[in-house]
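Undergrad: got a sequence here, can you build the structure:
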Amino acid sequence: MTNEKLIKSGVGWRLGWNPKAEKFQGLVGGDDWAIELTEAELSDFCRLLAQLAATMKQMASELMDEEKIATEAETDLIWLEVAGYPHSYSLHLIVNGDRRCEGSWSAEAVPHLLQAIQTFQVF
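TA: Next comes the predicted model:
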């Protein structure tokens, strides 16, 4: 993670990092919602989202054009699910920590969110 405060946003998504925050250094959100995340939660979110994106890319050759798929990944802190076509899928998040919260992103927002997480962490 970078040592500088970052906020990235676009239509339907937001991603933030503030290394000076006491507990919740990360932020994920949509146009009208946001969830603060700890550094560990944000790290898991970025890692799991990259893994799920890779899985969807691999599945493209296994499925017929009209077939949809859903797949999920989780840690003790974060649960993510992607659902849709290998080239266009939505994302759903549940935070499993000391507070229960969830959010989701549309298929149109996910590619931009994926691109933004690359500025937050190198995989």
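Undergrad: what is the end-to-end distance of stretch 12-26?
TA: 17 Å (C-alpha to C-alpha, to the nearest Å).
Undergrad: skip the chain neighbours and tell me the closest residue to Ala34.
TA: Spatial nearest neighbour of Ala34, excluding adjacent residues (C-beta to C-beta, 6 or more residues apart in numbering): Leu27 at 5.7 Å. Placement of C-beta: from N, CA and C, glycine included.
Undergrad: for Leu27, name its beta-bridge partners.
TA: When assigned by DSSP bridges, Leu27 has beta-bridge partners Gly16, Glu36.
Undergrad: again with Glu72
TA: Assigned bridge partners for Glu72, using DSSP bridges, are Glu81.
Undergrad: near it, how many other residues are there?
TA: 14 (other C-beta atoms under 10 Å).
Undergrad: Met64 versus that one, what's the distance?
TA: 22 Å (C-beta to C-beta, to the nearest Å).
Undergrad: thinking again about what came up before, touching, the residue nearest to Ala34 and Glu36? I think so.
TA: Yes. Contact between Leu27 and Glu36 holds when scored by C-beta atoms under 8 Å: they sit 5.6 Å apart.
Undergrad: now do the contacts for the residue nearest to Ala34.
TA: Contacts for Leu27 were tallied using C-beta atoms under 8 Å, 6 or more residues apart in numbering; they are 7, 14-18, 34-37.
Undergrad: show me which of these are buried.
TA: 14-17, 35-37 (16 or more other C-beta atoms under 10 Å).
Undergrad: can you pick out the most distant pair from those residues?
TA: Trp17 and Ile35 (13.6 Å; C-beta to C-beta).
Undergrad: quick one: which helix or strand includes Leu114?
TA: In this structure, Leu114 is located in helix 110-117 according to DSSP states H and E.
Undergrad: off-centre distance for that helix?
TA: From the chain centre to the centre of helix 110-117 is a distance of 8 Å (C-alpha atoms, centre = their mean, to the nearest Å).
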